[in-house]
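S.K.: Dropping a prediction and its sequence here:
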Amino acid sequence: MSLILPEKATQPTFYFIGVTTNESSIMNIFPKWAKEVLEISNATIKGIDIEIRAKKDDYRDVVDFIKYDDLSLGALVTTHKLDLFEACEDMFDYLDPHALRLRELSCISKKDGQLLGHAKDPITSGLALETFVPKGFWLKNSGDVFIMGAGGSALAISSYLAQIKFQDDIPSKIVITNRSIERLKEAERKLKGINDKVAFEFIQAITPEDNDRLLSRVKACSLIINATGLGKDRPGSPLSDNSSFPANSLVWELNYRGDLIFIDQAQKQKVEKNLHIEDGWNYFIHGWTQVIAEVFDIDIDEDKFKKCEKFAMEMRQREARTDALSC
Ligand SMILES: NC(=O)c1ccc[n+]([C@@H]2O[C@H](COP(=O)([O-])OP(=O)(O)OC[C@H]3O[C@@H](n4cnc5c(N)ncnc54)[C@H](OP(=O)(O)O)[C@@H]3O)[C@@H](O)[C@H]2O)c1
C-alpha cells in the first residue's frame, strides 16, 4: 500500500489515521455528531490509510501535511500510535505526559500555531474498562490480566489498571505476549516499576498455540484481551480453536469490526466457562469523543456524550441491519 496524502483542505478537516479507515463506522457517525450534537457542522472527516509498521517518512509526511495545512485541524491515530511517535517526536511543539511516558500518541491537534500530541488511550481505555469491569473486581477475585499484543493499547491498558490510586483493587499479575521481541522489550522498559504490587511478565508468543499454552496457565476470574489487531488489521486470531479460556473471566476484543474470530472462540465457551465478552464499541466511543474534544477545543459534557453514544448506537444498529440484508 503506497501512502496517499490528502489534498489541501478547503474546510475544517479532521483526519483518521489508521489501516482501513473507510470501513470504520466513524465515517458515518462523525457528520451526525458534528451536526446534531457538537455544533461543528462545517467540519468534515477524512481517512488516511498507512500500512502497518510503515517507513518513517510516511509518518513524517502525514504529520507534516497536517502541521502546515491551515484547515487541517488534527487527527485520531490508531494502530500506528507507537510508530508515529517514534518517527515524528521532534515535529511536535508539545507532547502530554502520557505520550512522553509511553512514547505513543493517539491524538494530533493544533493550538495557537503549535502542534500538540496527546496519548488519550490511558484515559479512554480506562473509561471503556469501567463500563464492564465491576468496581472491586480485582480485590475480590485476585485474578490476572492476559494481553496478547504489546502495542500502544496494551501499554495504555496496563498503565491504567496498575495505577497506585486503585490501592489493592489491582490485578496481581499482568502477562503481555507479542510476536516480535522488540515490542516486548519496549513494553518492559515502559511499564517496569509503575506499581511494585503488580508483577509483569513479557513473553514472546509467535504462534496461536504459544498463546493457547500461556492462556491455559491463567487463573480463573481474569481479564483476557486481544490487543493484536488480528481479526481487523490482519485476518485471524491470536488463539487457536483449541484454546481454553479461564472460568468466570472477562474477555475483551479491542475491535468492534472485522472478522473477529477471537470473539467467536470466546462465544463458544461463554456458557460453559461463564465468560463476559466485550467488544471494542465502548472504547471506540470514548476514544473518538475525547480526541474530537481536543481537536475542536470543545467540551463534551455528560449530556453531549450520552447523545453521541445514542446516535452511534442507532447508526450501528442500522449498519447491522444493512449487513444482514446484504448477506
Ligand atoms: N475500539 C477502539 O476504539 C480501539 C482503540 C484502540 C485500539 N483498537 C484496536 O486494537 C488493536 C491494537 O491497537 P494498537 O494501537 O495497540 O496496535 P499496535 O500498536 O499495532 O499493536 C499490535 C501488537 O500486536 C502484535 N501482534 C500482531 N500479531 C500478533 C500475534 N499473532 N500474536 C501476538 N502479538 C501479535 C504486534 O506485534 P509485532 O511487533 O510482532 O507485529 C503489535 O505489537 C488495533 O486493531 C486497533 O485498531 C481499537
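M.R.: Alright, I've got the coordinates.

S.K.: okay, now residue 246: neighbour count?
M.R.: A count of nearby residues for residue 246, using other C-beta atoms under 10 Å, gives 22. C-betas here are computed from N, CA, C, even on glycine.

S.K.: can I assume it sits in a strand?
M.R.: No. Read with DSSP: H, G, I helix; E, B strand; the rest coil, residue 246 is coil and lies in no strand.

S.K.: My guess is it contacts residue 273. True?
M.R.: Yes. The criterion here is C-beta atoms under 8 Å, and residue 246 meets it with residue 273 at 7.3 Å.

S.K.: Pull the number of nearby residues for the residue of the stretch 51-200 of the chain found nearest the ligand.
M.R.: Closest residue of the stretch 51-200 of the chain to the ligand, C-beta to the nearest ligand atom: residue 151 (1.9 Å). By other C-beta under 10 Å, 25 other residues sit near residue 151.

S.K.: Ok, residue 107 next?
M.R.: Residue 107, neighbours per other C-beta under 10 Å, totals 25.

S.K.: got it, and residue 242?
M.R.: Residue 242: 10 surrounding residues under other C-beta under 10 Å.

S.K.: residues touching the residue lying closest to it once chain neighbours are set aside, list them.
M.R.: Distances taken as C-beta to C-beta, 6 or more residues apart in numbering place residue 212 nearest to residue 242, at 6.2 Å, with adjacent residues excluded. Contact analysis of residue 212 by C-beta atoms under 8 Å, 6 or more residues apart in numbering lists 239, 240, 242, 243, 244.

S.K.: how does it look with 10 Å?
M.R.: The contact partners of residue 212, by C-beta atoms under 10 Å, 6 or more residues apart in numbering, come to 205, 238, 239, 240, 241, 242, 243, 244.

S.K.: Repeat that for residue 197.
M.R.: Residue 197 is in contact with 162, 164, 166, 167, 168, 170, 171, 172, counting by C-beta under 10 Å, 6+ apart.

S.K.: Could you check how many residues crowd around the residue lying closest to the second one once chain neighbours are set aside?
M.R.: Read it as residue 164. Among residues not flanking residue 164 along the chain, residue 195 sits closest, at 5.6 Å (C-beta to C-beta, 6+ apart). Using other C-beta under 10 Å, residue 195 has 19 other residues around it.

S.K.: if we can go back for a sec, PyMOL command for the buried members of the contacts of residue 212?
M.R.: In PyMOL, this line selects whichever of these come out buried by 16 or more other C-beta atoms under 10 Å:
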select buried, resi 205+238+239+243
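
S.K.: List just the nearest of the contacts of residue 212 to the ligand.
M.R.: Checking the contacts of residue 212 against the ligand with C-beta to the nearest ligand atom, the nearest one is residue 238 at 4.3 Å.

S.K.: My read is that that closest one contacts residue 154, right?
M.R.: No. Using C-beta atoms under 10 Å, residue 238 makes no contact with residue 154, being 11.7 Å away.

S.K.: so what sits against both of these two?
M.R.: Both residue 238 and residue 154 are contacted by 147, 148, 177, 178, 225, 227, 228, under the criterion C-beta under 10 Å, 6+ apart.

S.K.: Okay, domains of this structure per the record?
M.R.: Following automatic domain parsing, one gets these domains for the chain: 13-119+297-326, 123-280.

S.K.: Would you mind finding the most buried of those domains?
M.R.: Mean neighbour count (mean count of other C-beta atoms under 10 Å) peaks for domain 123-280 among the domains of the chain, with a mean of 19.

S.K.: residue boundaries of the strands in the protein?
M.R.: Applying DSSP state E to the chain gives strands spanning 13-18, 44-49, 72-77, 94-95, 107-111, 114-118, 145-148, 173-178, 199-204, 223-226, 250-253, 276-278.

S.K.: for the third one, packing partners?
M.R.: Helices and strands in packing contact with strand 72-77 are listed as strand 13-18, strand 44-49, helix 56-68, helix 81-88, strand 107-111, strand 114-118, helix 281-295; criterion 3 or more C-beta pairs under 10 Å, 6 or more residues apart in numbering; DSSP states H and E.

S.K.: Thanks a lot, see you next time.
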